[in-house]
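J.: fold the following for me, if possible:
(one chain, ligands or ions: 1)
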Amino acid sequence: MSLSDGLKLRIEQAGASVLHQPARPVEPDALRSAELQQLIDLMFSTLHGIGVGLAAPQVGLGLQVVVIEDPAHLQGQVAPELLREQERVPIAPHVLVNPTLRIEDDADRATFFEGCLSVDGYRALVPRARRVRVQALDRFGAPFERQASGWYARILQHELDHLAGRLYLERMLPSSFISATSYSQHWSQLPVAEARRLLGDR
Ligand code: NI
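T.: Purely as a prediction, here's the structure:
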């Protein structure tokens, strides 16, 4: 438990200029500051229960900081067949500072519905690379490198796009942009290939 447990920061919505411009790298020494450590704690508490990734620009700060956590209890709300198709497995909480990402094989892509806390109330089909390699600093400034695949690779691509000032809107199949209500009432129960046939690929 930390002091910030339960506190939620306000999440910026599409149109806020901070979401549409590249974020600044963090000076590694700044990770020793209480302010930055508290920001990271607050980003996690903001994310808990509502999503799997959050980038600092989404809480109004143009800094290259991302928090990711995809706990098993969130995945319990998703049909097991879809989880398998999405290659989605639990991901422990972690922080990426100044991350860079390389796509392993541009031809190896998967398309699924995706949402964003900064595009509240909508979903769309977004093609993404299935496998990536990411390099970053952790919250204490230690460098690390990871390979990621499946849903985790999707989360990384989505969050790193935020740091470049990009929303999924410029990656999606435009004809598949639908309301989150419609998604959960209807489209989430269809196989993705069927949704894609009906909504995407125009
Ligand atoms: Ni987002």
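J.: and stretch 52-62, what's buried?
T.: Val52, Gly53, Leu54, Ala55, Ala56, Pro57, Gln58, Val59, Leu61, Gly62 (16 or more other C-beta atoms under 10 Å). C-beta: built from backbone N, CA, C; applies to glycine.
J.: try stretch 156-174
T.: Quick answer for stretch 156-174 (16+ other C-beta under 10 Å): 156-163, 167-168, 171-173.
J.: run through who's touching it.
T.: 14, 19-23, 53-58, 64, 66, 68, 96, 99, 101, 111, 114, 116, 118-119, 124-129, 132, 134, 148, 177, 196, 199-202 (C-beta atoms under 8 Å, 6 or more residues apart in numbering).
J.: closest one of the buried residues of stretch 52-62 to Arg88?
T.: Of all the buried residues of stretch 52-62, Val52 has the smallest distance to Arg88: 9.2 Å, by C-beta to C-beta.
J.: do you know the pLDDT at that closest one?
T.: Turning to Val52, the model gives it a pLDDT of 96.
J.: correct me if wrong: it contacts His73.
T.: No - with contact defined as C-beta atoms under 8 Å, Val52 does not reach His73; the gap is 11.7 Å.
J.: next helix or strand past the worst-scoring helix or strand of the chain on mean pLDDT?
T.: None of the helices or strands of the chain scores lower by mean pLDDT, DSSP states H and E than helix 72-75, at a mean of 88. Following helix 72-75 in sequence order, the next helix or strand is helix 80-86 (DSSP states H and E).
J.: helices or strands next to that following helix in the packing?
T.: strand 109-114, helix 150-163 (3 or more C-beta pairs under 8 Å, 6 or more residues apart in numbering; DSSP states H and E).
J.: sheet partners, orientation included, of the first one?
T.: With DSSP bridges as the test, strand 109-114 is paired with strand 122-129 (antiparallel).
J.: strands paired with the helix or strand just after the partner strand, and their directions?
T.: Downstream of strand 122-129, the next assigned helix or strand under DSSP H and E is strand 131-137. With DSSP bridges as the test, strand 131-137 is paired with strand 91-103 (antiparallel), strand 143-149 (antiparallel).
J.: wouldn't Asp105 be in contact with Ala129 here?
T.: Yes - taking C-beta under 8 Å as the definition, Asp105 is a contact partner of Ala129 at 7.1 Å.
J.: name the nearest of the buried residues of stretch 52-62 relative to Ser184.
T.: Val52 (16.3 Å).
J.: contacting residues for that closest one?
T.: Ile68, Glu69, Asp70, Leu74, Ile91, Ile155.
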